[in-house]
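K.L.:
Sharing a model that was predicted from the sequence below.
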Amino acid sequence: MDPESASTSPESRSPKTYRTNLLLAYQSFGVVFGDLTISPIYVYKSTFSGKLRLHEEDDEVLGILSLVFWTLTLIALCKYTAIVLGADDNGEGGTFALYSLLCRNSKMGLLHAQHAVPEHLAAYNPGTSGKETKTTLIIKNFFEKHQSSRILLLLFVLMGTSMVVGDGVLTPAMSVLSAVSGLEIKFLELHENYSVFIACLIIVALFALQHYGTHRVGFLFAPILIAWLACIGGLGIYNTIKWNPSVVRAISPYYIYNFFKKAGKDGWSSLGGAVLCITGAEAMFADLGHFSKISIRMAFTWIVYPCLLLAYMGEAAYLSKHKEDLERSFFKAIPGLSVITVMLVTTCLMFLIITTVWNQSVFSAFLFTIIFASLELLYFTACLLKFPHGGWLPFLLSIITLTTMSIWHYGTAKKLNFELHNKVSLDSLLSLGPTLGLARVPGVALVLTNSVAGVPPMFAHFVTNFPAFHRVLIFVSVQTYVVPTIPENERFLIGRYGSKEHKMFWCILRYGYKDGGRDNYDFENRLLAKVTEFLRFERVGNVGGMRRVRFVCEDEECKEVKELMEEREAGVAYMMGNTIVVAREDAPLVKKLAIDGVYGFLRRNSRRPAVALGVPHTSLIEVGMVYNV
């Protein structure tokens, strides 16, 4: 299903590439597979913690082992490793990466027009992988015609992202606490409070190491995870041979049928524990941006998958002969709904990816969805039984996150819409010069705006109240596009407003959603360098598909460049709006609570653009504005 895997260049098979992928695979153990590899600690304990009990026969043990085997094989190996990893967004993974792919290949995004990928970035416009089918066109046209469907799709994506956040809040604590609780088996006098204290120390230490970077964390923890996998895999082989080699029969799906036939409703309720065997499987796709598809596939297929199967098999063999040791041999854990919900969201989004991005038949998309969604829905319904017993906490955190993100998106969209409909034409503003008595003062002014065309209401408000601005004026618009990264040489797009006498320019500063270079305190130098480059080389236009460039000045004595440097020496000022968005008086109460309450609170406590761009506080001019939406 991965269209990119069909074409492999000779460079990708070079020894250097193999070494790089092996190195990345090694690092991935310390970052990607932590939760997945620690799950054998609590899967059987959680599965048999309800009404399901071990009897003299091995039906329950073999049934759960068969469930674990096929769940790991179908969801972790087949779905994520073989198929979903192929839906990467130029090396990035996760729920938002799937949404980004959909937005770029169709008009499913709410802000498609403003935030579509720039046309000249060929890396993000590779063309379709095949001829568009009739079904593909029907799906694309449906989303294009119905805005409500695009809103629901965005909410669906935000829900998946929120579930990841909710899961991420609890999973590290649960995993570490479950591992530390194992000490109570060897040290019976160890009180539970000490286990919690030790777990807290480990978690603090883990988070303290995060700022050193993924590659250092990966190198540090990879040996630990590899040693852990070797231990549980080796113990699995030992226990299987020593206690019950016949558990290998559980590979047959017959034992799943036999399990549900005998266990009935109790077997279905136990699925909330069995699903924990794939805790962390979604991290293989979500953490893709730090590694590569090949490295993750190598690590999981060669080491993680077989070691986990051996571990579960060994545990099942031991349990079949020591049924009385269940409570003492495994540790307690609370199964949270977030993991399986994220997997369901990914499955549904993959239906759209297969049909509209990969241009495969709708039959292939339905086959993928039916196989994996049916299994995940079965686990989801079983997990609902755990909702009153702890599953509500990650769900509540996810709802809070989803509500917050939705209100932030709604308020920002209203703010942008207000500025779009109230922007002022630069020509009309300049034509009022004699009336307003506009004056040009020495220096350069960088006006930060959300609009990519026209004069923002903030600047018009400033000029009408203080009729003067700098001799060189550059309108800077920071835009985020639905691509992972924008190459550095494509970061700035410069153009000119009006004639040369006006000395007015516009600049679009472009970022991808994964770009982390916004905290750049060299922004001013880079921007003015790009303006200088623009003055020296003026674009004439496209002729016959080729961009023509005319050399304007031959040396540093270029008049406009010299004037720009002189004005820079006079001083550089940054102008941006300090806007307050409020709901109209006649707005519904819900809108007032969302805009005036939640959105206002978030705006007051969010990091200002001036901080992100490294604007010197002494050079900042803020213009107060009130937007009634």
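P.N.:
Structure's in. What do you need?
K.L.:
Now do the SS call for Ile508.
P.N.:
Here Ile508 is recorded as strand under DSSP: H, G, I helix; E, B strand; the rest coil.
K.L.:
Kindly report the same for Asn578.
P.N.:
strand.
K.L.:
Can you tell me the SS state at the residue nearest to it when sequence neighbours are not counted?
P.N.:
With sequence-adjacent residues excluded and distances taken as C-beta to C-beta, 6 or more residues apart in numbering, Asn578 is closest to Glu622, at 4.2 Å. Using the backbone N, CA and C atoms, a C-beta is placed for each residue, glycine as well. Put simply, Glu622 is strand when judged by three-state DSSP.
K.L.:
Near Glu622, how many other residues are there?
P.N.:
15 (other C-beta atoms under 10 Å).
K.L.:
I'd like to know which elements the longest strand belonging to the chain is packed against.
P.N.:
Assignment by DSSP state E gives strand 468-481 as the longest strand of the chain. Strand 468-481 makes packing contacts with helix 112-115, strand 439-449, helix 457-465, strand 504-512, helix 523-536, helix 559-570 when contacts are defined by 3 or more C-beta pairs under 8 Å, 6 or more residues apart in numbering; DSSP states H and E.
K.L.:
Outline the domain layout of this structure.
P.N.:
What the TED database lists as the domains of the chain is 22-104+133-161+214-389, 410-537+555-628.
K.L.:
per-residue confidence averaged over the first one?
P.N.:
Translated: domain 22-104+133-161+214-389. What domain 22-104+133-161+214-389 shows for mean pLDDT is 85.
K.L.:
returning to that earlier point: so which bits of the very next helix or strand once past the longest strand of the chain are buried?
P.N.:
As assigned by DSSP states H and E, the chain's next helix or strand after strand 468-481 is strand 492-497. Within strand 492-497, the residues scored as buried using 16 or more other C-beta atoms under 10 Å are Phe492, Leu493, Ile494, Tyr497.
K.L.:
out of these, what pair is the most spread apart?
P.N.:
Spatial extent of these (C-beta to C-beta) is set by the pair Phe492 and Tyr497 at 16.0 Å.
K.L.:
ok so, going back, ok, of the buried residues of strand 492-497, which one's closest to Ser100?
P.N.:
Ser100 has its nearest neighbour among those in Leu493, at 20.3 Å by C-beta to C-beta.
K.L.:
Relative to Lys414, how far out is that closest one?
P.N.:
From Leu493 across to Lys414, the span is 26 Å (C-beta to C-beta, to the nearest Å).
K.L.:
With Ser428 instead?
P.N.:
Distance, Ser428 to Lys414, using C-beta to C-beta: 25 Å.
K.L.:
So for the two, which sits in the more crowded spot?
P.N.:
Lys414 (19 against 11).
K.L.:
who's in contact with the more buried one?
P.N.:
Neighbouring residues of Lys414 by C-beta atoms under 8 Å, 6 or more residues apart in numbering: Val581, Ile595, Tyr627, Val629.
K.L.:
Select from these the one having the most neighbours.
P.N.:
Going by other C-beta under 10 Å, Ile595 tops the contacts of Lys414 with 24 neighbours.
K.L.:
Can you pull the phi/psi pair for the nearest residue to Phe219 once chain neighbours are set aside?
P.N.:
Nearest in space to Phe219, with sequence neighbours left out and distances taken as C-beta to C-beta, 6+ apart, is Gln27 at 6.2 Å. Taking degrees, to the nearest 10, you get phi -70, psi -30 for the backbone angles of Gln27.
K.L.:
how many neighbours does Gln27 have?
P.N.:
Neighbours around Gln27, by other C-beta under 10 Å: 23.
K.L.:
Equivalent analysis for Ala468, please.
P.N.:
By other C-beta under 10 Å, the residues close to Ala468 number 12.
K.L.:
Ok, Val441 next?
P.N.:
Val441: 12 surrounding residues under other C-beta under 10 Å.
K.L.:
Counting neighbours, show which residues of stretch 67-76 come out buried.
P.N.:
Buried residues in stretch 67-76 (16+ other C-beta under 10 Å): Leu67, Val68, Phe69, Trp70, Thr71, Leu72, Leu74, Ile75, Ala76.
K.L.:
so Phe156 touches Cys348, yeah?
P.N.:
Yes - in this structure, Phe156 is within contact of Cys348 by C-beta atoms under 8 Å, at 7.2 Å.
K.L.:
In terms of helix, strand or coil, where does Ala281 fall?
P.N.:
Here Ala281 is coil, with the state taken from three-state DSSP.
K.L.:
Contact partners for it?
P.N.:
By C-beta under 8 Å, 6+ apart, the neighbours of Ala281 are Leu36, Ile75, Ala76, Tyr80, Val339, Met343.
K.L.:
if we look at stretch 605-625, which residues are touching it?
P.N.:
Contacts for stretch 605-625 (C-beta under 8 Å, 6+ apart): 445, 448, 457-459, 461-462, 478, 518-523, 571-580.
K.L.:
Let's see the PyMOL selection covering just the buried ones among these.
P.N.:
With 16+ other C-beta under 10 Å as the criterion, this PyMOL line picks the buried residues out of these:
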select buried, resi 445+448+457+458+459+461+462+478+518+523+572+573+574+575+576+577+579
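K.L.:
that older thread, so which of the contacts of Lys414 comes closest to Gly391?
P.N.:
Lowest distance from Gly391 to the contacts of Lys414 (C-beta to C-beta) belongs to Ile595, with 32.5 Å.
K.L.:
who touches that closest one in this structure?
P.N.:
By C-beta under 8 Å, 6+ apart, the neighbours of Ile595 are Gly411, Lys414, Val581, Val582, Ala583, Ala587, Val629.
K.L.:
let's see 7 Å
P.N.:
With contact taken as C-beta atoms under 7 Å, 6 or more residues apart in numbering, Ile595 is in contact with Gly411, Val581, Val582, Ala583, Val629.
K.L.:
now these in TSV, with secondary structure?
P.N.:
Formatted as TSV, the contacts of Ile595 follow (three-state DSSP):
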residue	secondary structure
Gly411	helix
Val581	strand
Val582	strand
Ala583	coil
Val629	coil
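K.L.:
Dump those to a markdown table, plus pLDDT and distance to Ile474.
P.N.:
A markdown table is the format used below for the contacts of Ile595 (pLDDT from 0 to 100; distance: C-beta to C-beta, whole Å):
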| residue | pLDDT | distance to Ile474 |
| --- | --- | --- |
| Gly411 | 90 | 28 |
| Val581 | 89 | 26 |
| Val582 | 92 | 30 |
| Ala583 | 92 | 33 |
| Val629 | 85 | 28 |
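K.L.:
nearest to Glu282, of those residues?
P.N.:
Checking the contacts of Ile595 one by one against Glu282 (C-beta to C-beta), the nearest turns out to be Gly411, at 29.6 Å.
K.L.:
which residues does the closest one contact?
P.N.:
Val581, Ile595, Tyr599 are the contacts of Gly411 under C-beta under 7 Å, 6+ apart.
K.L.:
Now do the second one against Arg603, distance only.
P.N.:
When distance is defined by C-beta to C-beta, Ile595 is 10 Å away from Arg603.
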